[in-house]
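>>> Pasted the sequence and its predicted model underneath.
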Amino acid sequence: MTANGYLQLAFYVVVLIALAKPLGAYMASIYEGQSPVVRIFGPFERLIYRLCGVDPSKEMNWVAYTVALLVFNLLGGLAVYGLQRLQAQLPFNPAAMSAVSPDSSFNTAISFMTNTNWQGYGGESTMSYLTQMAALAVQNFLSAATGMVVVIALIRAFARQSAQTIGNFWVDLTRTTLYILMPLAFILALVLVSQGVVQTFSAYPTVPLVESVEFDNPKLDAAGQPLKDDKGNPVTEKATQKEQVIAVGPAASQIAIKQLGTNGGGFFNANSAHPFENPTPLSNFLEVLAILLIPGALCYTFGKMVGDTRQGWAILATMTIVFVGLLSVCVWSEQLGNPQLAQLGADQATTAMQSGANMEGKEVRFGIANSALWATATTSASNGSVNSMHDSYTPLGGLVPMWLIQLGEVIFGGVGSGLYGMLMFVVVAVFVAGLMIGRTPEYLGKKIESYEMKMASIAVLVPLFTALFGTAIAVMMNAGKAGVANPAAHGFSEILYAFSSASGNNGSAFAGLSANTPFYNTALGVVMFFARYWIIVPVLALAGSVVTKKKVPAGAGTLPTHNLLFVLWLVGVVIVIGALTFFPALALGPIVEQLALNAGNLF
């Protein structure tokens, strides 16, 4: 890789860390009601509460907070399902899209409701403008806000003592959407439009091709079925393609929130590899920066709200260490290229004139560095958008994004969900450390007892269980194996990646898996649902327990949770849990595939 590539990677990390403090401080002031923005727009905010019948002064205990969240999310999922099923009869459908199938509608509704944004369909050929905007883009805001309010409720629980309430769900949701997500998305959308990302309600235009294309077109009978000759071969006729339909639409507004909200669902099927979603180097940098922007800044918000910013920096340092380490592995592996191509004499050297290395499935305009950076960022967050195809990475390069998801989406993670997931690992880490030194574990002055440990264990283990259990079911069933496009180890990796992505609420995929089938639409939808809410409920239950406790003054035996030693301890806990859980499965997929590649064997 060239010096320019290293500089781009370093610049990205520096800018990301530099923005954590100002944005994190702003979000803390919003949630604490101290920002001038809240005072300026207070009348509008109060109008929303009056229209919705909400009393903003009335706080909720953890049960009421959880019920409100679940009901709100369920209604959102039903709305997404209904809009897909009825889109043929609804306006803003210039391409006359038909209704989406029941199983695909179910999968997409669960997917966008849970902030997963797994897409088993091509957006430009499946969804009307109304569905893209009123269903998908709206859920991009609301599912992101859901994750953020959960972590804010958890932060309040650690900040307060001897209390019974953790905030008001409706107030938190409104302020998150109104003062954080919408302004950031509006600014980013304007910048993206300036770079060439499309934003229009016009119908798909038809344009003439520069050169006509001849192809064999299958002949159809009166029933619309392909004709076959006496030998069973398809009967074709020569045809000429002289024009092409160009898919457009209100994309920029959806792309902005898909990145900022760690949603990842693209307007177009090719996602951020599509030039209408990601046309320039600047748009590429801003979009990949937006993926980790809020998750990183929330760490500082956490430290600010609990009254010790060192705690937030420690969490951010933990995330950054793992992120940079695995990014290095991904870049290095892709830069090595394919040893079998090298044996055939292919030039894979990196020069000023070519990216070199493994460029399969990657955009030449992005090269190795920006492709690997995006793959690592999108899977360390629960984003799932792509600017290259992970299925075409080297086995070891593809292992990195897969394992980042399998770590529990806590290395930055989704907006809110990454931080509350990491805080569950913190609870586990301080509990184990407390046992090792023979002292009752404490975190931020709150004793961590058996109930908190049980809730944290559930939150940590549920996504691991759903990923492995779903994979096991798929590889044993014919319907699961039927979707695999590649044999042996790589085919297994495609299935493992799909269920890891669903259980991590990520949404990216090894693209060789044909997942738009009743089996995968249903199975992945169920996994996405349980992996989202079986984590949120234990997290809020833990918050409900912690908020009632008094703070214990720090003593000589108190474990510091803001220094380098604890950061390294936390890194070890996260990696060990992920390694012990998934190493056997990874050994059957990308690890054995890499060994075979190095040995000169192909499956």
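Arrived safely. This one's a predicted model, so the numbers in the text were calculated from it and none came from an experiment.
>>> List the buried residues in stretch 517-527.
For stretch 517-527, a neighbour-count test (16 or more other C-beta atoms under 10 Å) marks 517, 519-527 as buried. C-beta: built from backbone N, CA, C; applies to glycine.
>>> Looking at those residues, which one is closest to residue 570?
Nearest to residue 570, judged by C-beta to C-beta, of these is residue 527 at 27.0 Å.
>>> can you tell me which helix or strand the closest one belongs to?
Using DSSP states H and E, the element containing residue 527 is helix 518-546.
>>> do the same with residue 498
Applying DSSP H and E, one finds residue 498 within helix 488-503.
>>> pLDDT averaged over the helix holding residue 527 - what is it?
Helix 518-546 comes out with an average pLDDT of 95.
>>> cool, stretch 172-184 as well?
The predicted model gives stretch 172-184 an average pLDDT of 96.
>>> pull the CA atoms of that stretch into CSV?
Coordinates of each C-alpha in stretch 172-184 appear next as CSV, following Å, rounded to 0.1, in the frame of the first residue of the first chain:
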residue,chain,number,x,y,z
ASP,A,172,-35.8,11.0,24.9
LEU,A,173,-37.1,9.7,21.6
THR,A,174,-38.3,13.2,20.6
ARG,A,175,-35.1,15.0,21.5
THR,A,176,-32.9,12.4,19.9
THR,A,177,-34.8,12.7,16.6
LEU,A,178,-35.4,16.4,16.7
TYR,A,179,-32.1,17.8,18.0
ILE,A,180,-29.5,15.2,17.0
LEU,A,181,-30.4,12.9,14.1
MET,A,182,-32.5,15.3,11.9
PRO,A,183,-30.0,18.2,12.0
LEU,A,184,-27.0,16.0,11.3
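>>> Which residue is the nearest non-sequential neighbour of residue 139?
Spatial nearest neighbour of residue 139, excluding adjacent residues (C-beta to C-beta, 6 or more residues apart in numbering): residue 112 at 4.0 Å.
>>> pLDDT below threshold where in this protein?
Low-confidence segments of the chain, defined by pLDDT under 70: 223, 601-603.
>>> ok so, going back, just the buried residues of stretch 517-527 now: which is nearest residue 599?
Of the buried residues of stretch 517-527, the one sitting nearest to residue 599 (C-beta to C-beta) turns out to be residue 520, at 32.3 Å.
>>> Just give the closest residue to that closest one, not the sequence neighbours.
Nearest to residue 520 is residue 483, by C-beta to C-beta, 6+ apart, at 5.9 Å.
>>> Check the offset of the helix holding residue 527 from the chain's centre.
Distance, stretch centre to chain centre, for helix 518-546: 15 Å (C-alpha atoms, centre = their mean, to the nearest Å).
>>> Then stretch 422-436?
Worked out by C-alpha atoms, centre = their mean, stretch 422-436 lies 25 Å from the chain centre.
>>> what comes up buried for that stretch?
Buried residues in stretch 422-436, counted by 16+ other C-beta under 10 Å: 422-431, 433-434.
>>> residues in contact with that stretch?
By C-beta atoms under 8 Å, 6 or more residues apart in numbering, the residues outside stretch 422-436 that reach it are 151, 154, 302, 315, 318-319, 408, 410, 413, 440-443, 448, 452-453, 455-457, 459-460, 539, 542, 559, 561, 566, 569-570, 573-574, 577.
>>> Also stretch 462-478?
Applying C-beta under 8 Å, 6+ apart, the set of residues contacting stretch 462-478 from outside is 406, 408-409, 480-481, 492, 495-496, 498-500, 502-504, 519-520, 523-524, 527, 530-531, 534-535, 538, 577, 581-582, 585.
>>> Buried members of those into PyMOL, please.
Selection of buried members from those for PyMOL, criterion 16+ other C-beta under 10 Å:
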select buried, resi 406+408+409+480+492+495+496+498+499+500+502+503+504+519+520+523+524+527+530+531+534+535+538+577+581+582+585
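>>> mind listing the strands in the stretch 351-500 of the chain by residue range?
442-443, 446-447 (DSSP state E, counting those that start in this stretch).
>>> want to throw the ones you listed into JSON lines with mean neighbour count?
Below are the strands of the stretch 351-500 of the chain laid out as JSON lines (neighbours: other C-beta atoms under 10 Å):
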{"stretch": "strand 442-443", "mean neighbour count": "21"}
{"stretch": "strand 446-447", "mean neighbour count": "20"}
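>>> Save the ones you listed as JSON lines, and put in distance to residue 174 too.
Converted to JSON lines, those look like this (distance: least, C-beta to C-beta, whole Å):
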{"stretch": "strand 442-443", "distance to residue 174": "30"}
{"stretch": "strand 446-447", "distance to residue 174": "28"}
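>>> Ok, which of these comes nearest residue 546?
Closest to residue 546 of these is strand 446-447 (C-beta to C-beta; 5.2 Å).
>>> before we move on, the earlier item: now the residue nearest to residue 520: how far from residue 472?
Separation of residue 483 from residue 472 (C-beta to C-beta, to the nearest Å) stands at 15 Å.
>>> Looking at those two, which one has more neighbours?
Applying other C-beta atoms under 10 Å to residue 483 and residue 472 shows that residue 483 carries more neighbours, namely 20 against 15.
>>> where's residue 143, which helix or strand?
helix 138-159.
>>> what does residue 237 give?
Using DSSP H and E, residue 237 sits in strand 236-245.
>>> Let me know the next secondary structure element after that strand.
helix 252-260.
>>> what angle do that next one and helix 138-159 make?
Taking axes from the mean of the first three to the mean of the last three C-alpha atoms, to 10 degrees, helix 252-260 and helix 138-159 form an angle of 30 degrees between their directions.
>>> just how off-centre is helix 252-260 within its chain?
Centroid displacement of helix 252-260 relative to its chain, using C-alpha atoms, centre = their mean, is 13 Å.
>>> same deal with stretch 400-416?
Relative to the centre of its chain, stretch 400-416 is centred 8 Å away, using C-alpha atoms, centre = their mean.
>>> Need the single longest strand in this protein, by residues.
When the chain is parsed with DSSP state E, its longest strand is strand 206-218.
>>> could I get it in PDB with only the CA atoms?
Output in PDB follows, covering the C-alpha atoms of strand 206-218 (Å, rounded to 0.1, in the frame of the first residue of the first chain):
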ATOM      1  CA  THR A 206     -34.800   6.200 -20.300                       C
ATOM      2  CA  VAL A 207     -31.600   7.100 -22.100                       C
ATOM      3  CA  PRO A 208     -30.000   5.800 -25.400                       C
ATOM      4  CA  LEU A 209     -26.900   3.600 -25.100                       C
ATOM      5  CA  VAL A 210     -23.600   4.900 -26.600                       C
ATOM      6  CA  GLU A 211     -23.200   1.500 -28.200                       C
ATOM      7  CA  SER A 212     -26.100  -1.000 -28.900                       C
ATOM      8  CA  VAL A 213     -25.800  -4.400 -27.300                       C
ATOM      9  CA  GLU A 214     -26.800  -7.600 -29.000                       C
ATOM     10  CA  PHE A 215     -27.900 -10.600 -26.900                       C
ATOM     11  CA  ASP A 216     -29.800 -13.900 -27.000                       C
ATOM     12  CA  ASN A 217     -33.400 -13.300 -25.800                       C
ATOM     13  CA  PRO A 218     -35.400 -16.400 -24.700                       C
END
